[in-house]
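>>> Need coordinates for the below:
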Amino acid sequence: MATSPTPAPPMGWNSWDCFGTTVTETEVLANAAFMAEHLLPYGWNTVVIDIDWSDPTARSHGYNADAPLALDAHGRLVPDVGRFPSSADGAGFGPIAEKIHALGLRLGIHIMRGVPRLATERDCPVLGTTHTVREIADPTNRCEWNPDMDGLDHTHPAAQAYYDSIVALYASWGVDFLKADDMLWPYQAADIEALDSAISRSGRAIELSLSPGRDLSLSRLEHLREHATMWRICDDLWDSWDDVEANFARFARWAPHAGERGWPDGDMLPLGRIGIRAERGEPRDDRLTPAERRTLLSLWIIARSPLMVGGDLPTSDPDTIALLQRPDVLAILTGSSGNREVFREGDLVLWTAAGVDGVRYAAAFNLGSAPLGVALDAGDLDLPSALDGEIEDLWSGEAVATSVVTEQSDTARGVAPGSTAIPVTIEPHGVALLRYSPA
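Presented below is the predicted three-dimensional model:
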């Protein structure tokens, strides 16, 4: 594996939800500065420039056929100088990386599987070989949704040399994180292995993220763990309850396998000011309710998914930013284990996880459109029947009262006599995020 095991999921910002294919150097650096000042103390440390940073004609709401992508002499994508002026004279993303590193942050960039079709047309020489791009291109394995790339023929040795050359270039710029797209649907095992090998040969520690995750099967788990830091388990996620709710079932399958060997990824968090020049929708504050935002974060965190915020940080609502500044909540992401869905019954979904020193976590979600009052059984939370500590709702900061059930009643329905009942009322599409701390 090219990247070392990571003790916690990556956390950062990605330009896609707010700026789509059109993000500029100024916007990247503004988000980096905001992150360093307001979010780095809470663990957010990665700034990712998403797709089409080489296209001088990039636009919102889609891709351009036959785009005049910026390439070097060896068919490798380089930044568009118009949007990234510091990349002039072959500097690439080096100057931006230097500024981001000076803030204590890491730089990530998006790449596509394969080789640019424009490089195939120009028949660029593959660096370090006597072969050309046209010899290694595979037009029969093109991306289904993006017009820029040809596939690679991995039976040809220069295909590996091409991936080696692009990763070496990006490593020389100081890139720390690669979001590699069109890798998982359909599953491109040869490309994943070749890119992982290229990262190893680059000599730089670079984390590898794979996308998109439509219909991703658990049968791929060991291969993913061997070659990547994180991998998407869904298609693009946007600011609708339907998108959020669909990930409950996916995380239930994948979360038990999250850990230092790799992180199942529920996609970016479409929170804050999004759609500015994005693929989908007009400029807006995300359309999730406050309860849905807390549910989104709680599910991603208790499932230990990577967290990449999609909203423009400097112009996002302060209340949204405050949700990202909760060390007690983020401790579940960085320091819990045994994370799993315990049950799903009607509109109620219950997750639990273990903390350190006897701490236990639980997230009780209400998928329904009406308030839900329920008494949780301490046994379902893996808590002792007689509690000797305190339970706190981490979002409200309030203590949660408990009682030992002496006989069956409507107020403690489903909790056996002799067990401790934990009554909670959960707002529509909301969550009760609980922490038990022993005395």
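>>> Residue ranges in the stretch 1-150 of the chain under the pLDDT threshold?
Counting by pLDDT under 70, the low-confidence segments of the stretch 1-150 of the chain come to 1-5.
>>> residue ranges for the helices of it, please.
If you assign secondary structure with DSSP state H, counting those that start in this stretch, the helices in the stretch 1-150 of the chain sit at 16-19, 25-38, 94-102, 117-122, 133-136.
>>> wait, which of those is closest to Thr420?
With Cβ to Cβ as the measure, helix 25-38 is the member of the helices of the stretch 1-150 of the chain nearest Thr420 (39.2 Å). (Glycine included, C-beta is placed from N, CA and C.)
>>> who does that closest one touch, helix- and strand-wise?
strand 11-14, strand 46-49, helix 94-102 (3 or more Cβ pairs under 8 Å, 6 or more residues apart in numbering; DSSP states H and E).
>>> do that again at 10 Å, thanks
Under the contact definition 3 or more Cβ pairs under 10 Å, 6 or more residues apart in numbering; DSSP states H and E, helix 25-38 sits against strand 11-14, helix 16-19, strand 46-49, helix 94-102, strand 106-112, helix 318-323.
>>> re earlier: same list, the helices of the stretch 1-150 of the chain, but as a markdown table with mean neighbour count and distance to His223 please.
Output for the helices of the stretch 1-150 of the chain, formatted as a markdown table (neighbours: other Cβ atoms under 10 Å; distance: least, Cβ to Cβ, whole Å):
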| stretch | mean neighbour count | distance to His223 |
| --- | --- | --- |
| helix 16-19 | 27 | 26 |
| helix 25-38 | 19 | 32 |
| helix 94-102 | 18 | 30 |
| helix 117-122 | 20 | 28 |
| helix 133-136 | 22 | 23 |
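>>> Looking at these, which is nearest to Gly368?
Closest among the helices of the stretch 1-150 of the chain, using Cβ to Cβ: helix 16-19, at 26.9 Å.
>>> which helices and strands does that closest one pack with?
Using 3+ Cβ pairs under 10 Å, 6+ apart: helix 16-19 touches helix 25-38, strand 46-49, strand 273-274, strand 307-309.
>>> Make a markdown table from those and add distance to Trp13 to it.
Compiled in a markdown table, the helices and strands packed on helix 16-19 are given as follows (distance: least, Cβ to Cβ, whole Å):
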| stretch | distance to Trp13 |
| --- | --- |
| helix 25-38 | 5 |
| strand 46-49 | 6 |
| strand 273-274 | 12 |
| strand 307-309 | 5 |
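>>> can you tell which of those is closest to Pro384?
strand 307-309 (31.8 Å).
>>> what is the mean pLDDT for stretch 185-196?
Stretch 185-196 shows a mean pLDDT of 98.
>>> let's number from 441 now, not from 1
Got it, the first residue is 441 from now on, which makes the last one we talked about stretch 625-636.
>>> thinking again about what came up before, among the helices and strands packed on helix 456-459, which comes closest to Pro868?
Going by Cβ to Cβ, the one of the helices and strands packed on helix 456-459 nearest Pro868 is strand 713-714, 22.4 Å.
>>> just how off-centre is the very next helix or strand once past that closest one within its chain?
Per DSSP states H and E, the first helix or strand lying C-terminal to strand 713-714 is strand 724-725. Here strand 724-725 shows a centroid-to-chain-centroid distance of 20 Å under the convention Cα atoms, centre = their mean, to the nearest Å.
>>> Kindly report the same for stretch 685-703.
12 Å.
>>> Now the terminal residues of it, how far apart.
Between the opening and closing residues of stretch 685-703 lies a distance of 20 Å (Cα to Cα, to the nearest Å).
>>> Quick check: buried residues in stretch 719-739?
719-721, 725-726, 728, 731-739 (16 or more other Cβ atoms under 10 Å).
>>> quick one: which of those residues is nearest Asp588?
In terms of Cβ to Cβ, no member of those lies closer to Asp588 than Glu719, at 14.7 Å.
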